[in-house]
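Undergrad: Sequence first, then the predicted structure, then my questions.
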Amino acid sequence: VELVESGGGLVQAGGSLRLSCGASERTFSEYDMGWFRQAPGTESEFVAHISWNGERTAYADSVKGRFTISRGNAKNTVYLEMNTLKPDDTAIYYCTAGEYRSGSYSAWYWGPGTQVTVSS
C-alpha cells in the first residue's frame, strides 16, 4: 500500500489544518488507518486511528477533542481535521495503514510524512 499525505504547513496557534492521505490500493477499505507524528528529537507518537468501516475511532489524550479522523473509502482517502492547534502539535505527521487487534492499533505501512508547524 502506498500512502501519500498532503495538507501540512505553517499555522498560528489556535488555527486549523486538514491533513489528507491518499492510498494506492483498491483494498484500502479493508485496512484500519491511523495517524502518527514525530517531533524533532522524540519518538513517533500515536495520534488517531479509525477502523476499516469508520465505525470506531480512537485518539491520543493530547489531541482528544481537537482532532477528528475520518475516511472516505470511495476515494481511498483518510483525513485528519486539526483544530485549536498548539505549538506542541508541531511535528511530521505520518499516515499509516494497518490493523486494530486485541485493543491496539498496529501500523504496517507508512507514508513519507507531512510537516505541520504551529507558531506561537
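TA: Noted; the coordinates are in hand.
Undergrad: ok, so what distance separates Asp88 from Asn73?
TA: 32 Å (C-beta to C-beta, to the nearest Å). Placement of C-beta: from N, CA and C, glycine included.
Undergrad: Pick out whichever of the two has more residues nearby.
TA: Higher neighbour count among Asp88 and Asn73: Asn73, with 16 against 11, using other C-beta atoms under 10 Å.
Undergrad: Would you confirm that that one contacts Phe28?
TA: Yes - assessed by C-beta atoms under 8 Å, Asn73 is found in contact with Phe28 at 6.4 Å.
Undergrad: Tell me which residue lies nearest the centroid of the chain.
TA: Centre of the chain computed as the mean C-alpha position; nearest residue by C-alpha atoms, centre = their mean is Trp35, 2.6 Å away.
Undergrad: would you say that one is within a strand?
TA: Yes - counting by DSSP: H, G, I helix; E, B strand; the rest coil, Trp35 is found in a strand.
Undergrad: who touches the closest residue to it other than its chain neighbours in this structure?
TA: Counting by C-beta to C-beta, 6 or more residues apart in numbering, Trp35 lies nearest to Val47, which is 4.3 Å off, once chain neighbours are set aside. By C-beta atoms under 8 Å, 6 or more residues apart in numbering, the contact set of Val47 is Gly34, Trp35, Phe36, Arg37, Tyr59, Ala60, Val63, Phe67, Leu80, Tyr93.
Undergrad: What does the pLDDT read for Val47?
TA: What the model reports for Val47 is a pLDDT of 98.
Undergrad: buried stuff in the lengthiest strand in the chain?
TA: Ranked by number of residues, the top strand in the chain under DSSP state E is strand 91-101. For strand 91-101, the neighbour count (16 or more other C-beta atoms under 10 Å) marks Ala91, Ile92, Tyr93, Tyr94, Cys95, Thr96, Ala97, Gly98, Glu99, Tyr100 as buried.
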